[in-house]
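>>> Predicted model follows, preceded by the sequence.
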Amino acid sequence: MAVLLLGIVSAAIVAFLGAASSRGSRMLRLSDPALEAVVAIRRLGTIAPNMRCVLLVEETRALVWMSDDNPNLAVNLSEVGLLRFESADAELLLETLDRAALLADPALDTAFDRNDYAALFEEFDQLRSSGSLTQRVLAEALQSIDFDVPTGAEGTARARFRASEYETLAVIAPIPLELPLR
């Protein structure tokens, strides 16, 4: 009797796990936008712990000044990351200049002034088509992500993550420097 009961329970568990794993859609794998927003912010913070600011925002993409490695008082292409929602794969990507491409052609690391940040979007599009970008997945299983700049918060961006019927907001901003206590 106990063996029969154990067999029935085991069969139910196997059937449940099989049904859960057979769903091929990414949208069914994880669809909580609040969780994905937290994961994305944490991954970005790990990749770019010295993030300076958000340079420019368009509807589904945002330019992030990830670090200031070149002390030239300008934003270099090697210091910038592009947050971009890829609707075909339902992913939020962070694209950066590939180190191998930069070593092969140091002239790629051009500096951009404040008035030229819009040209960075075009530069990233060209680099993507030539295969000179590294892509990292920050969030997945989303229907859409929209970016905007909160009023009076220059240098930051607000991202609206949507999945299923839910949505959540996350702020992308550098971590403020803390002064030591005296």
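Thanks, I have the structure now. Predicted model, so just to flag it, every value in this text is computed and none were measured.

>>> need the helices for this protein, in chain order.
Secondary structure of the chain (DSSP state H): helices at 2-21, 26-29, 33-47, 99-104, 117-130.

>>> Of those, which shows the lowest average pLDDT?
Mean pLDDT per stretch puts helix 26-29 lowest among the helices of the chain, at a mean of 45.

>>> Skip the chain neighbours and tell me the closest residue to residue 128.
residue 95 (6.8 Å; C-beta to C-beta, 6 or more residues apart in numbering). Yep, even glycine has a C-beta here, placed from its N, CA and C like the rest.

>>> give me every residue that touches residue 171.
Counting by C-beta atoms under 8 Å, 6 or more residues apart in numbering, residue 171 touches 150, 153, 156-159.

>>> State the distance from it to residue 37.
Here residue 171 is placed at a distance of 10 Å from residue 37 (C-beta to C-beta, to the nearest Å).

>>> Mutual contacts of these two, please.
residue 159.

>>> Need the per-residue pLDDT for the closest residue to residue 160 other than its chain neighbours.
Nearest residue to residue 160, sequence neighbours excluded (C-beta to C-beta, 6+ apart): residue 146, at 4.6 Å. We have a pLDDT of 94 for residue 146.

>>> thought the residue nearest to residue 128 was touching residue 134?
Yes - between residue 95 and residue 134 there is a contact under C-beta atoms under 8 Å: 7.0 Å.

>>> Pick out whichever of those two has more residues nearby.
Set residue 95 next to residue 134 and count neighbours by other C-beta atoms under 10 Å: residue 95 wins out with 20 against 14.
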